[in-house]
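[1] pasting the structure only:
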């Protein structure tokens, strides 16, 4: 049975008091969906797991449905395979001077990513946006909360986009690489 390592990125989990979801519950939920080698990172809805190759295409929708059924939460979920995630990291055209102010925006669809492309032609005096093949990259020079660029990204695609800062991206990458090493030992 061919397995594929994946990364699940849940939008808006454990931000303030909204959408509270314990990471142990997320791990259990993923295991119930036949995911193996499940590992969660941070408390903000990041998971690395292996799943049968035949299930990769629909696993994001399955996770959303299971969360809705079990916890009554609507949590948009973006899933990328480890090779896709690697490409997103490698393809980053922006320099992460401060890894907490460089965001990667993951969209659930190519159409949502295309909707963000229109922002790349605007002048963001204190920021920048670049569109890659599978994600958008946002530089928020004076922080995320004060960023007009981030506000516009949220306005255009809130329900279909989730972001991770560069530091978190590298932590997720390290987690699935570590899982791969353990599997090969």
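    Nice, I can see it. Predicted model, so just to flag it, every value in this text is computed and none were measured. Numbers count the residues shown, from 1 in each chain.
[2] tell me how far residue 48 lies from residue 54.
    The gap separating residue 48 from residue 54 is 19 Å, by C-beta to C-beta, to the nearest Å. Every residue, glycine included, has its C-beta placed from N, CA and C.
[3] and those two? Which one has more around it.
    Shown here are residue 48 and residue 54; by other C-beta atoms under 10 Å, residue 48 has more neighbours (26 against 10).
[4] who's the closest spatial neighbour of residue 106, skipping the chain neighbours?
    residue 78 (4.3 Å; C-beta to C-beta, 6 or more residues apart in numbering).
[5] residues in a beta bridge with that neighbour, which ones?
    Legend: beta-bridge partners of residue 78 under DSSP bridges are residue 9.
[6] and it, how many residues sit next to it?
    Neighbours of residue 78 (other C-beta under 10 Å): 22.
[7] residue contacts, it?
    Residues near residue 78 by C-beta atoms under 8 Å, 6 or more residues apart in numbering: 8, 9, 11, 60, 106, 107, 108, 162.
[8] what's the most distant pair in these?
    For those, the farthest-apart pair by C-beta to C-beta is 8 and 107; their separation is 14.5 Å.
[9] was I right to think residue 137 contacts residue 93?
    Yes. Residue 137 is within contact range of residue 93, at 6.5 Å (criterion: C-beta atoms under 8 Å).
[10] joint contacts of these two?
    Common contacts of residue 137 and residue 93, defined by C-beta under 8 Å, 6+ apart, comprise residue 130.
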